[in-house]
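Undergrad: coords please:
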Amino acid sequence: MNATAAETRKFEAEVDQVLHLVTHSLYSHKEIFLRELISNASDACDKLRFEALSRPELVQDDAELRIEIRWDPEARTLTVRDNGIGMSRDEVIGNIGTIARSGTRRFLESLTGDARRDTQLIGQFGVGFYSAFIVADKVTLTTRRADAAPGEGVRWESTGSGEYTVEAIEQPWRGTAVTLHLKADEGEFLDGWKLRELVRKYSDHVAFPIRLPKQKDGKPGDELETVNHASALWTRPKAELKDEDYQAFYKSLGYGFDDALAWTHNRVEGSQGYTLLLYLPERPPFDALFAGRDERKGLKLYIRRVFIMDASEQLLPAYLRFVRGVVDSDDLPLNVSRELLQHNRLVAQIRAACVKRVLDLIEKLAKDEPEKFKTFHTAFGNVLKEGVAEDPANRERIARLLRFASTRSESAERTVSLDDYIARMAAGQEAIYYLTADTYAAAKGSPQLEALRAKGIEVLLMYDRIDEWMVGYLDSYAGKKLRNAAKGELGSDVLGADAEARKQAEKDAEGLLKKLKDALGERVREVRVSQRLTESPACLAFDEYDMAPHMQRLLREVGQAVPASAPILEVNPRHALLRRLDAEADAARTQDLALLLLEQAQVAAGAQLEDPSAFVQRINRVLLGGATA
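TA: Numbers count the residues shown, from 1 in each chain. Here you go, the predicted structure:
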């Protein structure tokens, strides 16, 4: 095919927005563009290496896969070229001119305020190519697919102003070259020493040689030299590697500028051989804030150093979706697919090893580096809680790693482990007590805790949305039963042995209980004397398998049906408000007081009032000292 006239096309709207932000915003790490272009070139080489396993003719004319970086001080251009898989015309338009993945739209939606200056987000959303416009006022891309004829090359060009041109060209070599026409104030990227420094900083562990011209008299010469290690870091002996090497490799995977919090690097020999290099991020990866549980990236599967796919779903359970790194197997077939991975016995073994290594790593942090563990738990503790339900085999290990506020905490940030809780249980205490609520303040101030406090019994305060669901799968830990302080009858460790006194209190209050039940009718399942209260007039109580009110509300908010269930109202007959109600002869005032008792108990328990306006009117009537029908 001969070269044809260039066709001018407009970018899709979202891409145009990305380009506008990239071109007109200020960035603290503008050199990220080179990392992104090298990463794209490496991916292209990986794809060709994989395809060549079944189609060796694709690389017969040029077998060494590589990346070259050249610069021209006079033309003020910088070119990153690879001899990888290349692209067809349709692929160029699809990958660059339109939204290639939903992450781009999420990227745009997230860019508000200071986030617009956070260049590290670019590579995490599949829009790394556009970072070239940080330093260039025009970008030219030439490419040809490895299985296409020389006449089927493509040239793409844009100034980042909302449109681009694309045309067919003659291109004798396969692969892709991206040429940046640098802006007037970006001359630092025409310095060979600067480029070498950036390659070593961000891309030293790319598994293909990255070559730059040797400098002669300050100018690029004809002879090329490799400036990166060009070997997979995880294949090198651990004794040769320093912390800086691991951190540099972590960043080279495209996870931003933050250091990893911790990592584990292991080589397994035996019936099957594989290498694991797994990282814990310091903070949630940006795309993890938007990606669903089944839309997971970050754990790359290699087979004998050949990149196969991102296999997070197959190699890690959803509750460890924050883990990043690589798995390199010696034994899986190179043509393995996602479907085959799901049913492969070797993959199941590798998955179990990944889970074990990650939990080992987190346990080591908890034991040896408490400040780092606190950082980890703040970022990922709620995700880890999912494992209590999803991974029964490791339930106890996961529970050991969880931290909760308690009634002895000075603030929500002061947390306790289940082991620490058990170690300081009160004499005679039989169970681990906890309470779920909407917020830390609501949990700590709940009237349902009064009797437990009076007995000096510590209660775990669980106020994250996942807690009510999670604790439903954690009925015991280390041989101790977990008991919700708001459900069922309190144990003898709280109530003591004086059963006769309790029975007498219930008998003395029979008239009051009947009066309340008559006033409240079907709004409550039962009215009874409370063993939980020492100061408050009333609280809600629930049977063992009842759903907490705040959980019912959360389910309704997401459109889930919740079975109707009247609560149990527990009252404290010794409280002045109950004595007043017991003595009240006016039916209307009795009704108001009874409803207010129920409604304040509902509010304290996190339930939603059916009629807030009527609640306000009742309060006003009581404050004014009267009631009307």
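Undergrad: which element is F322 on?
TA: Applying DSSP states H and E as the criterion places F322 outside every helix and strand.
Undergrad: which residue sits closest to it, ignoring its sequence neighbours?
TA: Spatially, and ignoring its direct neighbours in sequence, F322 is nearest to F380 (5.1 Å; C-beta to C-beta, 6 or more residues apart in numbering). C-beta coordinates here come from the backbone N, C-alpha and C atoms, glycine included.
Undergrad: and the helix or strand containing that neighbour, what does it pack onto?
TA: Using DSSP H and E, F380 sits in helix 370-390. Contact analysis of helix 370-390 by 3 or more C-beta pairs under 8 Å, 6 or more residues apart in numbering; DSSP states H and E lists strand 260-268, strand 274-281, helix 345-368, helix 395-401, helix 467-471 as its packing neighbours.
Undergrad: adding mean pLDDT, distance to T140 and mean neighbour count, write these out as TSV.
TA: Formatted as TSV, the entries for these read as follows, by pLDDT from 0 to 100; distance: least, C-beta to C-beta, whole Å; neighbours: other C-beta atoms under 10 Å:
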stretch	mean pLDDT	distance to T140	mean neighbour count
strand 260-268	94	36	18
strand 274-281	95	36	24
helix 345-368	94	43	17
helix 395-401	97	52	19
helix 467-471	91	54	20
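Undergrad: how about CSV for the ones you listed, with distance to G488 added?
TA: Shown next, in CSV, are those (distance: least, C-beta to C-beta, whole Å):
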stretch, distance to G488
strand 260-268, 40
strand 274-281, 38
helix 345-368, 32
helix 395-401, 21
helix 467-471, 14
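Undergrad: which residues does the closest residue to L597 other than its chain neighbours form beta bridges with?
TA: The shortest distance from L597 to any residue that is not its chain neighbour, by C-beta to C-beta, 6+ apart, is 4.5 Å, and that residue is A538. Following DSSP bridges, A538 is listed with bridge partners V571.
Undergrad: surely A538 touches I568?
TA: No - the pair A538 and I568 fails to qualify as a contact (C-beta atoms under 8 Å) at a distance of 10.8 Å.
Undergrad: quick one: which of the two has more around it?
TA: Using other C-beta atoms under 10 Å, the more surrounded residue of A538 and I568 is A538, with 25 against 18.
Undergrad: how close does that one sit to R532?
TA: Here the criterion is C-beta to C-beta, to the nearest Å. By it, A538 lies 10 Å from R532.
Undergrad: shared neighbours of these two, anything?
TA: A shared contact of A538 and R532, defined by C-beta atoms under 8 Å, 6 or more residues apart in numbering, is any residue touching both; here these are 447, 570.
Undergrad: out of the helices and strands in the chain, which is least certain?
TA: Among the helices and strands of the chain, helix 103-110 carries the lowest confidence by mean pLDDT, DSSP states H and E, at a mean of 47.
Undergrad: tell me the first helix or strand C-terminal of it.
TA: strand 136-144.
Undergrad: mind giving me the packing neighbours of that next one?
TA: On the basis of 3+ C-beta pairs under 8 Å, 6+ apart, strand 136-144 makes packing contacts with strand 153-158, strand 175-182.
Undergrad: can you put those strands in TSV and add mean neighbour count?
TA: Shown next, in TSV, are the helices and strands packed on strand 136-144 (neighbours: other C-beta atoms under 10 Å):
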stretch	mean neighbour count
strand 153-158	22
strand 175-182	22
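Undergrad: okay, those in TSV with mean pLDDT next?
TA: As requested, the helices and strands packed on strand 136-144 are arranged in TSV below (pLDDT from 0 to 100):
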stretch	mean pLDDT
strand 153-158	95
strand 175-182	97
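Undergrad: save those strands as TSV, and put in distance to R618 too.
TA: Written out in TSV, the entries for the helices and strands packed on strand 136-144 read as follows (distance: least, C-beta to C-beta, whole Å):
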stretch	distance to R618
strand 153-158	67
strand 175-182	71
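Undergrad: what's the closest non-adjacent residue to S565?
TA: D546 (6.4 Å).
Undergrad: A helix includes the one you found, no?
TA: No - the assignment for D546 (DSSP: H, G, I helix; E, B strand; the rest coil) gives coil, which keeps it out of a helix.
Undergrad: the residue lying closest to M470 once chain neighbours are set aside: how many residues sit nearby?
TA: Among residues not flanking M470 along the chain, K385 sits closest, at 4.5 Å (C-beta to C-beta, 6+ apart). Neighbourhood size, K385 [other C-beta under 10 Å]: 24.
Undergrad: what does the pLDDT read for K385?
TA: The model reports K385 with a pLDDT of 96.
Undergrad: sorry, back to before: next, find the distance separating the residue nearest to L597 from L598.
TA: Using C-beta to C-beta, we find A538 at a distance of 7 Å from L598.
Undergrad: shared neighbours of these two, which are they?
TA: Jointly contacting A538 and L598 under the rule C-beta under 8 Å, 6+ apart are L569.
Undergrad: any figure for the gap between K300 and L540?
TA: When C-beta to C-beta is the yardstick, K300 and L540 sit 50 Å from each other.
Undergrad: neighbour count: these two, which is higher?
TA: The neighbour count for K300 versus L540, taken as other C-beta under 10 Å, is higher for L540 (24 against 20).
Undergrad: distance of the more buried one from A607?
TA: For L540, the distance to A607 (C-beta to C-beta) stands at 7 Å.
Undergrad: one more: S613?
TA: Look at S613 and A607: by C-beta to C-beta, they are 17 Å apart.
Undergrad: can you give me the strands for the stretch 1-150 of the chain?
TA: Assignment of strands within the stretch 1-150 of the chain using DSSP state E, counting those that start in this stretch yields the ranges 7-10, 67-72, 77-82, 136-144.
Undergrad: quick check: mean pLDDT of the shortest one?
TA: On average, the pLDDT along strand 7-10 is 86.
Undergrad: let's see the pLDDT reported for Q429.
TA: Q429 carries a pLDDT value of 89.
Undergrad: mind listing what G175 touches?
TA: For G175, the set of contacting residues under the criterion of C-beta under 8 Å, 6+ apart consists of 44, 81-86, 143-144, 146.
Undergrad: pull out the buried residues from those residues.
TA: If you count burial by 16 or more other C-beta atoms under 10 Å, the buried members of the contacts of G175 come out as 44, 81-86, 143-144, 146.
Undergrad: what about A379, neighbour count?
TA: With neighbours defined by other C-beta under 10 Å, the count for A379 comes to 18.
Undergrad: what residues does it make contact with?
TA: For A379, the contacting residues are 281-284, 322, by C-beta under 8 Å, 6+ apart.
Undergrad: please report the distance of Q314 from T176.
TA: According to C-beta to C-beta, Q314 and T176 sit 30 Å apart.
Undergrad: er, L190 actually
TA: L190 sits 21 Å away from T176 when distances are taken as C-beta to C-beta.
Undergrad: leaving out sequence neighbours, find the closest residue to S131.
TA: Residue nearest to S131 in three dimensions, not counting chain neighbours: F33, with 4.2 Å by C-beta to C-beta, 6+ apart.
Undergrad: ok, now how distant is that neighbour from R76?
TA: Applying C-beta to C-beta to F33 and R76 gives a distance of 15 Å.
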